[in-house]
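Enquirer: please work out how this folds:
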Amino acid sequence: MASTKVDIKALLEAGAHFGHKTSRWHPKMAPFIHSKRGENHIINLEKTVEQFDEALSFIEEIVARGQQVLFVGTKRQAKDVLREAAIAVNQPYVVERWLGGMLTNSSTINVRIKKLKDLEAKMASGELSAKYNKLEVQRFQEQIDEMNVIFGGIKELQGRPGALFVVDILEEDNAVKEAIRLGIPIVALVDTNADPSKITYPIACNDDAIRTIALACQYVNTAVQSGKERRAKKAETSEVSKKAEVKK
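Expert: A predicted model of the protein is given here:
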């Protein structure tokens, strides 16, 4: 059971229950649809709360084990919210463009990240400014900035993430496919127009409204923080036990 409590009223106020037009629905979302309002489906938020509880318990558990959650959301209304949320709990993120092979071709991606880190270190130490003129240094800085747009959020990704947290599985189809191929669990907001069956922990939810995305990030962040606290407490207990053994 997740220690993070999901408030159905908060979900309602954030517009989490608003689905897509009935003409665009995916039949596998039927169990999570409450009703129709005009031309749109209304999501059953009681089901959403149940799915959040399960997903947040999982997130807390993997973070407690020392694994990372990779936040993924590149569409306009998601990217800023996800970036801020991921940074707040020191988790990796992709909010610009998903580069093919980010997960499945990690060796190539790691080479490019190493190059970025090397350039940043040389810029910070003054090595570049000592060897090159101002125009050349400026070009190096532009290169660093361009690489950070794509790789900045995953510079500190430690191997494979324990899970992906995705906003809009249709928009992030490539990320979803790579995670499935590698067997990486996916937690995702799934609207009424998408197939939830391929997602490990689908959460039936409006995936377009900024308020809904922000609330979902808030819940995920709380679960991440709870997992970190559990891990820290376990490490502290282990250290105390070791010291007690030494005294014996």
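Enquirer: those helices in this protein, which residues are they?
Expert: Secondary structure of the chain (DSSP state H): helices located at 8-13, 45-64, 76-88, 106-125, 127-131, 134-151, 173-182, 210-247.
Enquirer: most centrally placed residue in the protein?
Expert: In the chain, the centroid-proximal residue (Cα atoms, centre = their mean) is Phe71; its distance is 1.5 Å.
Enquirer: contact partners for that one?
Expert: Contacts for Phe71 (Cβ atoms under 8 Å, 6 or more residues apart in numbering) come out as 82-83, 85-86, 91-95, 153, 164-165, 217, 220. Glycine gets a C-beta too; all of them are placed from N, C-alpha and C.
Enquirer: most neighbours out of those residues, which is it?
Expert: Using other Cβ atoms under 10 Å as the neighbour criterion, Phe165 leads those with 29 neighbours.
Enquirer: which one of the helices of the chain lies closest to Pro202?
Expert: helix 45-64 (6.4 Å; Cβ to Cβ).
Enquirer: which elements pack onto that closest one?
Expert: For helix 45-64, the contact count by 3 or more Cβ pairs under 8 Å, 6 or more residues apart in numbering; DSSP states H and E identifies helix 8-13, strand 69-72, strand 163-167, strand 186-190, strand 201-204, helix 210-247 as packing neighbours.
Enquirer: in that helix, what's buried?
Expert: 45, 47-49, 51-64 (16 or more other Cβ atoms under 10 Å).
Enquirer: residues contacting Glu46?
Expert: Contact analysis of Glu46 by Cβ under 8 Å, 6+ apart lists Ile8.
Enquirer: need the helices and strands packed on helix 45-64 in a markdown table (columns: mean pLDDT).
Expert: Formatted as a markdown table, the helices and strands packed on helix 45-64 follow (pLDDT from 0 to 100):
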| stretch | mean pLDDT |
| --- | --- |
| helix 8-13 | 97 |
| strand 69-72 | 98 |
| strand 163-167 | 98 |
| strand 186-190 | 98 |
| strand 201-204 | 98 |
| helix 210-247 | 87 |
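Enquirer: dump these into JSON lines; add distance to Met147 as well.
Expert: Shown next, in JSON lines, are these (distance: least, Cβ to Cβ, whole Å):
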{"stretch": "helix 8-13", "distance to Met147": "38"}
{"stretch": "strand 69-72", "distance to Met147": "18"}
{"stretch": "strand 163-167", "distance to Met147": "22"}
{"stretch": "strand 186-190", "distance to Met147": "27"}
{"stretch": "strand 201-204", "distance to Met147": "32"}
{"stretch": "helix 210-247", "distance to Met147": "25"}
